[in-house]
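# show me the folded form of this:
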Amino acid sequence: MAPILVALPLIMTAASSATAAIGAVRSAQAQQASANYNAEIAKQNADAARAQGEAAVQAQQRDAQRKQGSAIATFGAAGVDASTGSPSDVLADSTREATLDSMTTRYNYQLRSLGYSDQSQLDTAQGKNAMSAGWVNATSDILAGATKFYEYGQDTYGWGKKPNASN
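Numbering: from 1, shown residues only. Just a heads-up that it's a prediction; the model follows:
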């Protein structure tokens, strides 16, 4: 029998193990790339949420200033002194409410941004875990192949067996 045919099962076992190991690593690389992409998108979303929050707070503050200016103008047109008494209380209340609204808006957008940042960190960790798992799987495939290789050699060629004392 041709030597290559005798060794063919060993060659196929080694090639199969190598292919499986390479496949495990490539799969892990693809998973890591996907997770890293998702992490980058989440970072961008966190930045966008922060910017949207600041824009919303500024718009809210401008609106509150317009409303206060309108109230002061209305008081003035009616001949009411806005610096004392009930009109002053109304303006102070309006200022407090506007401040609370701004703080609430800023807080809500910060929470949204934090959620995206957390997701980014989770995606990055997922990518690292995928890569680690890929290397573990590749190592496992190589070891399984080596075991099959040795078992075939042991069964076919008597590798690792003690020579028979009667021979």
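# show me the contacts for the most centrally placed residue in the chain.
Residue closest to the mean C-alpha point of the chain, counted by Cα atoms, centre = their mean, is D123 at 2.0 Å. The contact partners of D123, by Cβ atoms under 8 Å, 6 or more residues apart in numbering, come to 35-36, 38-39, 42. For glycine as for every other residue, the C-beta is placed from the backbone atoms N, C-alpha and C.
# and the helix or strand in which it is found, how far out from the chain's middle?
For D123, the host element (DSSP states H and E) is helix 85-157. Centroid displacement of helix 85-157 relative to its chain, using Cα atoms, centre = their mean, to the nearest Å, is 4 Å.
# pLDDT averaged over it - what is it?
Taken as a whole, helix 85-157 has an average pLDDT of 93.
# whatever helix or strand M12 lives in - contacts with which helices or strands?
Element membership for M12 (DSSP H and E) is helix 3-77. Counting contacts by 3 or more Cβ pairs under 8 Å, 6 or more residues apart in numbering; DSSP states H and E, helix 3-77 packs against helix 85-157.
# and the helix it packs on with helix 3-77, angle?
Helix 85-157 and helix 3-77 are oriented at 180 degrees to each other (axes from the mean of the first three to the mean of the last three Cα atoms, to 10 degrees).
# show me which residues of stretch 30-50 are buried.
By neighbour count on 16 or more other Cβ atoms under 10 Å, the buried set for stretch 30-50 is 31-32, 35-36, 38-39, 42-43, 45-46, 49-50.
# give me the residues contacting it.
Taking Cβ under 8 Å, 6+ apart as the rule, stretch 30-50 contacts 109-110, 112-117, 119-121, 123-124, 126-128, 130-131, 134.
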